[in-house]
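Engineer: Okay, here's the prediction I keep looking at, along with the sequence it came from:
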Amino acid sequence: SVLSYRQSVTRAERFERGQRFLAQLNPDSIQTIEITKEGRVVNLLKGEDEFVVASSHGYPAKNESVNRFINDVINIELEKEIGSSESLAEELEVGVGNEKGALVVLKNEAGKEMVRFMVGKSSDDGRGSYVTRLDGDDRTIYLTSKGAHLASNDDAFLKKEFVDVAQDNLEKIEGKDYVIAKQADKLALESVPANKTESSDVTGVKSLLSGLRFEKVFLA
């Protein structure tokens, strides 16, 4: 009986191609995401309704970007075991303190680490990435089935859609010395001389608030 039990445990722990790297991770428990790469630190914190980019003055994060990152992490599948030596880890950029690799730390609501792992360099054929966990004694390095290209800068998570107002919802635009107003269900420049027509600049003003986005956010 003891022998059968030990054999079953060994089989359960045996590596299987295609298995999930973080099979036990519960995405609903993730409250903090920390990503460190090449000296840059991204810190995402979950509030009541959404994540914020704490490393960019607490500006709101885009839900789609955060969800994509979490899904990318959960869906990391493994192709094969590579080894576990410190020299190999350093070579593959998954060693402790290696700045070329991406260090990812996920924490729960109590601030306790759920998982800590490294994503290193890509394989020579570019089809996979080297990964290892740093939150336990097991330092086995694995090659993923597909490239694990995780976002690692604030810009990838910021909610950059600043204002988005459809032209159909606009009734009037007042400038310093001009007025664009709805005329026969169409926005048009007022007081245009009979022998003149609107310039292309008017079209730009009318569409200014449609999908207005920013590139950087600064603390006021």
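Structural biologist: Good, I have the coordinates.
Engineer: quick one: the closest residue to Gly147 other than its chain neighbours and Ser123, what's the gap?
Structural biologist: Nearest residue to Gly147 in three dimensions, chain neighbours excluded: Ser129, at 5.3 Å (Cβ to Cβ, 6 or more residues apart in numbering). (C-beta placed from N, C-alpha, C; glycine too.) For Ser129, the distance to Ser123 (Cβ to Cβ, to the nearest Å) stands at 7 Å.
Engineer: Quick check: neighbours shared by those two?
Structural biologist: Shared contacts of Ser129 and Ser123, defined by Cβ atoms under 8 Å, 6 or more residues apart in numbering, are found at Leu143.
Engineer: what about the protein, any weak spots by pLDDT?
Structural biologist: 1-13 (pLDDT under 70).
Engineer: 80 - rerun?
Structural biologist: 1-14 (pLDDT under 80).
Engineer: packing partners for the longest strand along it?
Structural biologist: In the chain, assigned by DSSP state E, the strand with the most residues is strand 113-122. Packing partners of strand 113-122 (3 or more Cβ pairs under 8 Å, 6 or more residues apart in numbering; DSSP states H and E): strand 102-107, strand 129-133.
Engineer: a strand runs through Thr203, doesn't it?
Structural biologist: No - per DSSP: H, G, I helix; E, B strand; the rest coil, Thr203 lies outside any strand segment and is helix.
Engineer: residues near it, how many?
Structural biologist: By other Cβ atoms under 10 Å, the residues close to Thr203 number 12.
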